[in-house]
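Chemist: Quick check, what structure comes out for this input:
(chains A and B)
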Amino acid sequence: MGFAFGASSACSRPYVFGGGASRARIPKISKRILLVTALLTAASGIPARVRAEEVAGDGEDDDQSAGVVLDNAAFEQRLAQSEALVRNAQPTVQVGGYVDFGFFVPQGNGSGYIEDFGHVYFPGYAGQFGWVFLGDILAPAINTRGEVADLGPAPGVNRTDSINSRGAPGFVLNEVNVALRSALTPTALVSASINFTPRTGNDFALGDAFDVDIAQVEWLPTDSQRTSIFVGKMDPVFGIEYRDRKSDRRFGITPSLMARYTIGTALGLKLRTKFGSNDRVVLAIALTNGSNTTEQFHFYDELDSNAGKTGSARLSIKLPLSIEIGVSGSAGPQDRATDTGHWMWFYGVDLMAHWGPVDLKGQWMQGHADGQPSQGVYGLDLNNGAYLELDAMLTSSLGVVGRGEFRDAFVWLDTQRAYLTKVWRATLGLRWVLTPRAVVKAEYLMNGEYDGVPPIADDVFTTSLVMGF
Amino acid sequence: MPMMIRACGRAAFCVLVLTSVAVAPAAAAEPSPTDAARLQGEIDRLKQELADQRQLILQLMQAEQQRYDVVLKLLRAGGASAADLSSALPPPPSAAAIAPKSGAGDAGKESTGGAGREAATVTGRVRTGGGQPLGEAYVYVDGLRSSARGHTVEIKQRDKQFAPRVVVVPLGTKVVFPNQDTVIHNVFSTAPGNAFDLGSVKGGETSPPIVLLKPGPVEIFCNIHSKMRADVLVVPNSHWTRVAADGSFQLAGVPVGTRKIVLWSPTLKAVSQQVDVTPKGGNVTFSSEAMSIRPHLNKRGQAYGSYDD
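Modeler: Coordinates of the predicted model:
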C-alpha cells in the first residue's frame, strides 16, 4: 500500500475538459469569458485583427457574426498547441516535500535504558565491562526519524541528544523535508531529499540541522524500464522497511526496532531489476561505502574509513494471494574501522502482503560486527530481531496500525561499556487522512523488557501531522 | 461570444418548436396515420437538431475556455503585450465550422447514388497474426459524427487497477473516476485532444467528470501507480460493436455508402478499411498483429522509476 501524497499539478484545475458541460459552471464560465472578452476588446486589438481578416476575405461568408472560420483541423491543431503549451510550461525541477509536526508524551526520563549499577542484574558481566546498560537506547522513539525522547545520562560519552526532553512532553517540528526531482532524459531521473530539523541550540549556537538522505541518479537503460541503475546516496536494498522510512510514506509514525540496521541511506552504486510476468521476481544488489545502518547510530559511516566496501542484496518473489517474500543480506568491512580485517554482516527474511485495505509487513534478521577496540569501533551481536506490522484502513480516511516486535542484542565497546538489550514492543496507532496532502497520526509505544532485564519506564505516546506540499 | 449567444438562441428555438410540435398532435382531432408518421419524423429531426445544438454549445464553450486559458497563462507570465495576446490567442470559433457534421452520412449517400437514409448491416471477421488471442476488440464506423447523448461512464479505481480496463464511449461522453481504493490516485491522460489530469484524489472520493471530445483511443494512467492502465475508445457515432471471441462481428444500422470501418483493440494494431455498404449490407475482413505495449511515462513525461508501487 503506497501512501505517497502523490504529486498534484498546477494543471489539475481548471480541467482542460473537466466539467465543461456542467450546468452549474456555465454562468461562472460565461462570466469569465465575458471578462476576458472585455479585457481583450479593450487591450489587445484583436477585434481589429478580425475585422482586417474579414475585409481581406473574399466576401463569400455572409454570416458577419461568424468571425474567422475555424475548421475542425485548425481547432484540433490549436488544441494540440495548447496542450503542448501546458506540457512545456512544466518546471524543469519539481519541488515537493512535507512538514512533519508532532507532539509527544514520554514516560520516565524519556530514555530507554538504565545502568546496571554494581552488576546487580547481570553479575556475570562484572570484571568484563566497566559500565553495563540494560534496555534499548532507541526504544522510546517519538518520530519517523527514529529520534528518541531522551538519550539519557550515559557516562563516558558526549552524545548529541537532539530531543533531550528529560521526560517532559512537548511539541516538536520533526522534520521539514524538501524533495527535488528532475529528469536528464525521460529515463534518467535525478532526485534529492533534504531534511531540516529545528532543534535546541547550545552555548549560544543554533541547534538546527539538516541532512541529505537522498542524492541520486536513477537510469533505466532498457526499453522495458524494468532495470534501474542508481548512483549516489540512495535507498538501501536490505529488507522492506526502507520504503516507509519517510513520514509521508509510513502508515504509522515510528520505525521498528530493526530499522536502525536497514533503512540508512549509503553512498555507492545499486542495480535493481525485475523478472517474470507482472514483475514477479525482483533482484537488487548494491555496493556502498558502508552498511545500511541509520546515520545517528554508532555503526554508520557515510564516508568510508577503509578501502573495503559493503555489498548487499535482496531477492524477492511474489506469491499468490498478493504475498511477497524476500531474503536479503549485507556484508563488508566494519564501518569506522580503518582496516578491513573486521567484518559486519546482516541477513534476514521479510514478508509483505496486500489484501485490499489491509497490509501485512514483517522482518526477521540477525547480524554481527566484530568491533575494533583499538579504534573505538563498537561490536554487535544481533542475536535475533523481528517485527510484524498490520496496517488497515477501516474507512477511506481512518486507519489503524498494530505492530509487535522484539530485539535481542548485545553491543559493546572494548571493556569500557556494554548494552544488553532484551526488549519487546507493542505499538498501536491511528491514521486519519484529512486530505490527499494532510495526514494526522497517533501512536502509543508500549516498551517492555524480558529475560532478566528489569522493567524500564519508557513508553511513549506520540502524534504527527504530516502536511505535503 | 456572440456565436455562443446565437447558438443558445438556436437551441432555445429548437426546444420551443419541439414543444409545439409535440403538443400539436394532442390538440388536433384524430390525425391520420400519415400525419402521425410525418410528425414523428419531424420530432425526430428536431430532436437530432437539438442534440446537435447542445454539442455545438459545448464545443463553443470549450473553445472559449481554451482562449481564456491561453490569455490567463500569458497574463500570469507577465509582460504580455497586446501583440503577444493577439498572436497567441486562437481565433474565435465559428459555429458553422465546428458544428457536428451530421450531414456526413448524407454525403456518403450522395456519393453512392442517393440511397436515402437507408442503413444496412456490415458483417466481418478479424484474424490475428500467429494465433494471437483476440482479446477485447471493437469495430466502429469512422467519418460519421453524431452528437453527445449525455452519457456518463464510471471507471473505478479499485485495488490499484482501473475497472473496467477497456471501455468504448460515444463522443462527448462524461467519464467519472471514483477512487474506491484506500490510497491516493492521480488519474491522467496525455492523449492528444483528450488530455486531462485529475490531480491527487484520496480514497472514497470522486473527481469532477471529464468530457472526451475527440474520437480515438485514450490511454489513461495513474501518476502514482505505474501498473494502472485503462484504455478508452472514443467513437464518433453509435455505429460500433464488440468483436466476438471467434473473430466475427455484425455492425448493424450502418448508413449505406462508402464507409471507413476501423478495428481497435488495446492489444492489437489498429487497422481500417473502406467498405461499400449497399442496402444489402457489406463485408470486411481484418488482419491485425499484436501490438507491443511499451512502458508508459508519467504525466510529466518521465519514467516512473524502479520503486513505482
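Chemist: Can you give the domain ranges for chain B?
Modeler: B:2-98, B:119-288 (automatic domain parsing).
Chemist: Which among those is found nearest to chain A?
Modeler: domain B:119-288 (2.8 Å; Cβ to the nearest Cβ). No exception for glycine: its C-beta is placed from N, CA and C like everyone else's.
Chemist: start to end distance for that closest one?
Modeler: Chord length of domain B:119-288, first to last residue, is 27 Å (Cα to Cα, to the nearest Å).
Chemist: can it be found next to chain A?
Modeler: Yes - counting by Cβ under 8 Å from any Cβ of the partner chain, contacts between domain B:119-288 and chain A involve B:148, B:159, B:172, B:174, B:179, B:182-186, B:190, B:192-205, B:207-214, B:223-225.
Chemist: mind listing which of these are in strands?
Modeler: Those of those mapping onto strands are B:K174, B:F196, B:D197, B:I210, B:V211, per DSSP state E.
Chemist: out of these, which is most surrounded?
Modeler: Counting neighbours by other Cβ atoms under 10 Å in any protein chain shown, B:I210 leads those with 27 neighbours.
Chemist: Helix, strand, or coil at the nearest residue to B:I220 once chain neighbours are set aside?
Modeler: Nearest non-adjacent residue to B:I220, counting by Cβ to Cβ, 6 or more residues apart in numbering or on different chains: B:A230, 4.3 Å away. Following DSSP: H, G, I helix; E, B strand; the rest coil, we place B:A230 in the strand state.
Chemist: Could you pull up the contacting residues of B:A230?
Modeler: B:I155, B:F162, B:P164, B:R165, B:V166, B:V167, B:E219, B:I220, B:F221 (Cβ atoms under 8 Å, 6 or more residues apart in numbering or on different chains).
Chemist: Same check on A:A313?
Modeler: With Cβ under 8 Å, 6+ apart, A:A313 has these contacts: A:V237, A:L283, A:A284, A:I285, A:A286, A:S328, A:G329, A:S330.
Chemist: And B:P164, by the same measure?
Modeler: Contact partners of B:P164, counting by Cβ under 8 Å, 6+ apart, are B:I155, B:A230.
Chemist: where's it relative to B:I220, distance?
Modeler: B:P164 sits 11 Å away from B:I220, taking Cβ to Cβ, to the nearest Å as the criterion.
Chemist: Can you pull the residues that touch both of these two?
Modeler: Residues touching both B:P164 and B:I220 by Cβ under 8 Å, 6+ apart: B:I155, B:A230.
Chemist: pLDDT score assigned to A:M446?
Modeler: In this prediction, A:M446 carries a pLDDT score of 97.
Chemist: Using the three-state scheme, assign it.
Modeler: Using three-state DSSP, the structure places A:M446 in strand.
Chemist: That one: neighbour count?
Modeler: 14.
Chemist: How about it, nearest residue that isn't a chain neighbour?
Modeler: Counting by Cβ to Cβ, 6+ apart, the nearest residue to A:M446 once its immediate chain neighbours are dropped is A:A426, at 4.6 Å.
Chemist: Quick one: residues contacting the one you found.
Modeler: Contacts of A:A426 by Cβ under 8 Å, 6+ apart are A:G402, A:R403, A:G404, A:L445, A:M446, A:G448.
Chemist: Kindly report the same for A:I229.
Modeler: Contacts for A:I229 (Cβ under 8 Å, 6+ apart) come out as A:E218, A:W219, A:L220, A:P221, A:L269, A:K270, A:L271.
Chemist: Give me the neighbour count for residue 216.
Modeler: Assuming you mean chain A. Other residues near A:Q216 number 19, with proximity taken as other Cβ under 10 Å.
Chemist: could you do chain B instead?
Modeler: Counted with other Cβ under 10 Å, B:G216 comes out at 19.
Chemist: hmm, which two among the ones in strands among the residues of domain B:119-288 next to chain A are most spread apart?
Modeler: Using Cβ to Cβ, the pair of these lying farthest apart is B:K174 and B:D197, separated by 16.7 Å.
Chemist: For whichever strand or helix holds A:V176, name the packing helices and strands.
Modeler: In this structure, A:V176 sits in strand A:170-185 according to DSSP states H and E. Strand A:170-185 sits against strand A:94-106, strand A:188-197, with contacts defined as 3 or more Cβ pairs under 8 Å, 6 or more residues apart in numbering or on different chains; DSSP states H and E.
Chemist: The first one: which residues count as buried?
Modeler: What it means is strand A:94-106. A:Q94, A:G96, A:G97, A:Y98, A:V99, A:D100, A:F101, A:G102, A:F104, A:V105, A:P106 (16 or more other Cβ atoms under 10 Å in any protein chain shown).
Chemist: Intersect the residues you listed with the contacts of chain B.
Modeler: Within the buried residues of strand A:94-106, those near chain B by Cβ under 8 Å from any Cβ are A:Q94.
Chemist: JSON lines for the buried residues of strand A:94-106, including pLDDT and distance to A:N278?
Modeler: Shown next, in JSON lines, are the buried residues of strand A:94-106 (pLDDT from 0 to 100; distance: Cβ to Cβ, whole Å):
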{"residue": "A:Q94", "pLDDT": "90", "distance to A:N278": "29"}
{"residue": "A:G96", "pLDDT": "94", "distance to A:N278": "29"}
{"residue": "A:G97", "pLDDT": "96", "distance to A:N278": "32"}
{"residue": "A:Y98", "pLDDT": "97", "distance to A:N278": "31"}
{"residue": "A:V99", "pLDDT": "98", "distance to A:N278": "37"}
{"residue": "A:D100", "pLDDT": "98", "distance to A:N278": "34"}
{"residue": "A:F101", "pLDDT": "97", "distance to A:N278": "39"}
{"residue": "A:G102", "pLDDT": "97", "distance to A:N278": "38"}
{"residue": "A:F104", "pLDDT": "97", "distance to A:N278": "41"}
{"residue": "A:V105", "pLDDT": "97", "distance to A:N278": "45"}
{"residue": "A:P106", "pLDDT": "97", "distance to A:N278": "45"}
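Chemist: What residue, apart from its backbone neighbours, is nearest the residue of the stretch 201-350 of chain A found nearest chain B spatially?
Modeler: Nearest residue of the stretch 201-350 of chain A to chain B: A:S228, at 3.8 Å (Cβ to the nearest Cβ). In this structure, A:S228 finds its nearest non-sequential neighbour in B:S306, 3.8 Å apart by Cβ to Cβ, 6+ apart.
Chemist: what's the pLDDT at the one you found?
Modeler: With respect to pLDDT, B:S306 has a value of 90.
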